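Novice: give me coordinates for this.
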Amino acid sequence: MPRRQITVVPDDDRTHRAIAELRKDLEVPESYPQAAIDSLISDPPHPDHDLTDIPFETIDPPGAMDLDQAIHLEKTDDGGYLFHYAIADVARYIEPGSRLDEEAWERGATLYGPVGRVPLHPASLVEGEASLLPERTRVANVWEIRLDGDAEPVDVSVRSARVRSIRRRTYEEVQGFLDDGGETGFWPLVLELGRARRELEIARGGVSLPIPDQEVRAVDGGYGLIWDAPRPIDEANAQLSLLTGAVAAQLMMDGGVGILRTLPESTEEGMNQLRRVAKGLGIDWSGEETYGDLLQRLKPDVPEHLAMLTESTMLFRGAGYQVVGDGAPHKHGALSMYYTHVTAPIRRLVDRYTGAICVALSAGEEPPKWAVDALHRLPPVMADADRRAGQFERAGLDLVEALLLEDNVGETFSAVVVESYDKGGEIMVREPPIHANVNFKVELGETIDVELSNVDVTRRTVSFRAAG
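Specialist: As a prediction, this is how the structure comes out:
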């Protein structure tokens, strides 16, 4: 499920103090230990396979240097697709049990917050030796996925190989030339395959939430909120990552070893609650329309629709990991398929292990002992990493909301009640779309007016009371 990326742009002392306090409160490390950096394996041997003739390209946000994915796509003579997906081979630089390995286990995942990030691995690795930067030969786990004309995979393999990306793209750049009909390369095919995979997702009951990114910028001495809704190329590229996670999960289940990413399916109670929220937001959701169809027509740039998309995350809670072989395999409820994390080893610990296992299984070999032995340790470590990532993101969002509203104390806002408790509830302000808890009685789904009573940027708190 997508997360909202929160960024605070204003470069002033007060904002920096608030961010420093946030990092202190959450015990976020300020730097990477030198002893861990020193244990990095330098210049490990390259594999025999050479795929540098494939013109891979990367697509990432502007300025990104930690590039762990590169793609190439072509049409086949039978009307299908040949998809090559290169994933940075981080494992070859890390000795199991080394100080660097221990540090990565302590962190679990890269944290993304209001300013910058807290990396899983040192910059010298993730922005240097392992990063799939353009015009540099790198080693990657390269997935070769052949799909038929209906976008279903028919043949899958993955191997460690030398690769060379020829170009670093941004999402905005690619969407721009696709819209304008300029230079395109294989990117129209990415849109085509991504849309086909999205249709298959809808058909099997899966859902994707197009929640936009948020950015706060200085505007006339104050702060303004900018929403950046996902572009078609963003969604298409995400579908190719999901495709790879699906075939990797199947490979591990067939091999009887690995780890799945799981999520419980939505409940009837949760769906009924979401319908009440939709009613409160003035969104017509008839009994005949499916949840997936509703999502298709919601527009992130419409405040009520954005509130609905945000609240839709309530349907899918309880994500976890399951070691293959520990009982019947569980699907990912939101995707409605078996799935694993395998495409982001620079940013997630578990992907280093799933990648190594898949390479071995694809070659008909025994997976490395260091990877298999770690499988049962990974679920609690990744759960803790997910929890800390959520805390870091939530704290960043709280800071953004406080910065945005500090000059509006005393003003009245329209809000919808998205959760109701015995002595209070949770509201979502229509504009700007902000979550807040209230300590007065409210009814789920009702629309109310609230007055902004207090804002504390340092403590990252925003308080509302009943208007009138």
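
Novice: low-confidence ranges in the stretch 101-250 of the chain?
Specialist: Within the stretch 101-250 of the chain, the segments meeting pLDDT under 70 span 115, 221-222, 225, 227.

Novice: tell me where it has helices.
Specialist: Taking DSSP state H, counting those that start in this stretch as the test, the helices found in the stretch 101-250 of the chain are 123-124, 171-180, 187-203, 232-255.

Novice: residue 278: which of those helices is closest?
Specialist: helix 187-203 (18.9 Å; Cβ to Cβ). Every residue, glycine included, has its C-beta placed from N, CA and C.

Novice: so what does that closest one touch, helix or strand wise?
Specialist: strand 69-75, strand 81-88, helix 171-180, helix 232-255 (3 or more Cβ pairs under 8 Å, 6 or more residues apart in numbering; DSSP states H and E).

Novice: separation between residue 193 and residue 287?
Specialist: 34 Å (Cβ to Cβ, to the nearest Å).

Novice: of the two, which one has the most company?
Specialist: The neighbour comparison of residue 193 against residue 287 (other Cβ atoms under 10 Å) goes to residue 193, with 22 against 5.

Novice: look up the closest residue to the more buried one, ignoring the ones flanking it.
Specialist: Nearest non-adjacent residue to residue 193, counting by Cβ to Cβ, 6 or more residues apart in numbering: residue 81, 5.5 Å away.

Novice: okay, now that neighbour: neighbour count?
Specialist: Residue 81 has 22 neighbours, counted by other Cβ under 10 Å.

Novice: if it is in a bridge, with which residues?
Specialist: On the basis of DSSP bridges, residue 81 is bridged to residue 75, residue 147.

Novice: cool, the one 4 residues further on as well?
Specialist: Beta-bridge pairing of residue 85, defined through DSSP bridges, involves residue 71, residue 143.

Novice: just give me the neighbour total for it.
Specialist: 24.

Novice: contacts only, for it.
Specialist: Neighbour list for residue 85: 69, 70, 71, 142, 143, 145, 240, 244, 343 [criterion: Cβ atoms under 8 Å, 6 or more residues apart in numbering].

Novice: mind putting those residues into TSV with distance to residue 425?
Specialist: TSV is the format used below for the contacts of residue 85 (distance: Cβ to Cβ, whole Å):
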residue	distance to residue 425
69	41
70	46
71	45
142	50
143	46
145	46
240	40
244	41
343	38
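
Novice: so which of those residues is the most crowded?
Specialist: Of the contacts of residue 85, with other Cβ under 10 Å as the count, residue 70 tops at 29 neighbours.

Novice: against residue 451, how distant is that residue?
Specialist: 51 Å.

Novice: same check on residue 270?
Specialist: Taking Cβ to Cβ as the measure, residue 270 falls 31 Å from residue 451.

Novice: likewise for residue 67?
Specialist: For residue 67 relative to residue 451 (Cβ to Cβ), the value is 47 Å.

Novice: what do you get for residue 107?
Specialist: As judged by Cβ to Cβ, residue 107 and residue 451 stand 42 Å apart.

Novice: can you map out the strands along the stretch 301-450 of the chain?
Specialist: 320-323, 412-420, 425-429, 434-438, 447-456 (DSSP state E, counting those that start in this stretch).

Novice: so what's the closest residue to residue 89 other than its chain neighbours up against?
Specialist: Excluding the flanking residues, the one nearest residue 89 by Cβ to Cβ, 6+ apart is residue 139, at 4.7 Å. Applying Cβ under 8 Å, 6+ apart to residue 139 gives the contacts 44, 46, 47, 89, 92, 160, 161, 162, 163.

Novice: run through the bridge partners of residue 139.
Specialist: According to DSSP bridges, beta-bridge pairing links residue 139 with residue 162.

Novice: for it, give its distance to residue 85.
Specialist: 15 Å.

Novice: in a strand, residue 265, correct?
Specialist: No. Applying DSSP: H, G, I helix; E, B strand; the rest coil, one finds residue 265 to be coil, outside a strand.

Novice: ok, now which ones touch the residue lying closest to residue 101 once chain neighbours are set aside?
Specialist: Nearest residue to residue 101, sequence neighbours excluded (Cβ to Cβ, 6+ apart): residue 94, at 5.3 Å. Listed by Cβ under 8 Å, 6+ apart, the contact set of residue 94 reads 40, 41, 100, 101, 104, 352.

Novice: at 10 Å instead, please
Specialist: By Cβ atoms under 10 Å, 6 or more residues apart in numbering, the contact set of residue 94 is 36, 39-41, 44, 100-101, 103-104, 121, 125, 130, 345, 352, 370.

Novice: and for residue 140?
Specialist: Taking Cβ under 10 Å, 6+ apart, one finds 47, 51, 56, 68-70, 84-90, 130, 132, 158-165, 345, 355 in contact with residue 140.

Novice: report the buried residues of stretch 94-109.
Specialist: Within stretch 94-109, the residues scored as buried using 16 or more other Cβ atoms under 10 Å are 94, 98, 99, 100, 101, 103, 104, 107, 108, 109.

Novice: same check, this time on stretch 364-375
Specialist: Using 16+ other Cβ under 10 Å as the test for burial, stretch 364-375 gives 367, 368, 371, 372, 374, 375.

Novice: stretch 56-72 too?
Specialist: Of the residues in stretch 56-72, 56, 57, 58, 59, 60, 66, 67, 68, 69, 70, 71, 72 count as buried by neighbour count, 16+ other Cβ under 10 Å.

Novice: using TSV, lay out those residues together with distance to residue 381 and pLDDT.
Specialist: Formatted as TSV, the buried residues of stretch 56-72 follow (distance: Cβ to Cβ, whole Å; pLDDT from 0 to 100):
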residue	distance to residue 381	pLDDT
56	31	98
57	33	98
58	28	98
59	29	97
60	26	94
66	21	94
67	25	96
68	19	95
69	23	98
70	28	98
71	29	98
72	33	98
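
Novice: which members of these are the farthest-apart pair?
Specialist: Going by Cβ to Cβ, the pair spanning the buried residues of stretch 56-72 furthest: 66 and 72, at 20.1 Å.

Novice: what's near enough to touch the residue lying closest to residue 200 once chain neighbours are set aside?
Specialist: Take residue 200 and drop its neighbours on the chain: the residue closest to it by Cβ to Cβ, 6+ apart is residue 151, 6.1 Å away. By Cβ under 10 Å, 6+ apart, the residues touching residue 151 are 80-81, 192-200, 239, 243.

Novice: mind running it again at 8 Å?
Specialist: Contacts for residue 151 (Cβ under 8 Å, 6+ apart) come out as 81, 193, 196, 197, 199, 200.

Novice: closest to residue 390 out of those?
Specialist: Set against residue 390, the nearest of these by Cβ to Cβ is residue 197 (27.5 Å).

Novice: so how far is residue 184 from the closest one?
Specialist: The value you get for residue 197 to residue 184, if Cβ to Cβ is used, is 19 Å.
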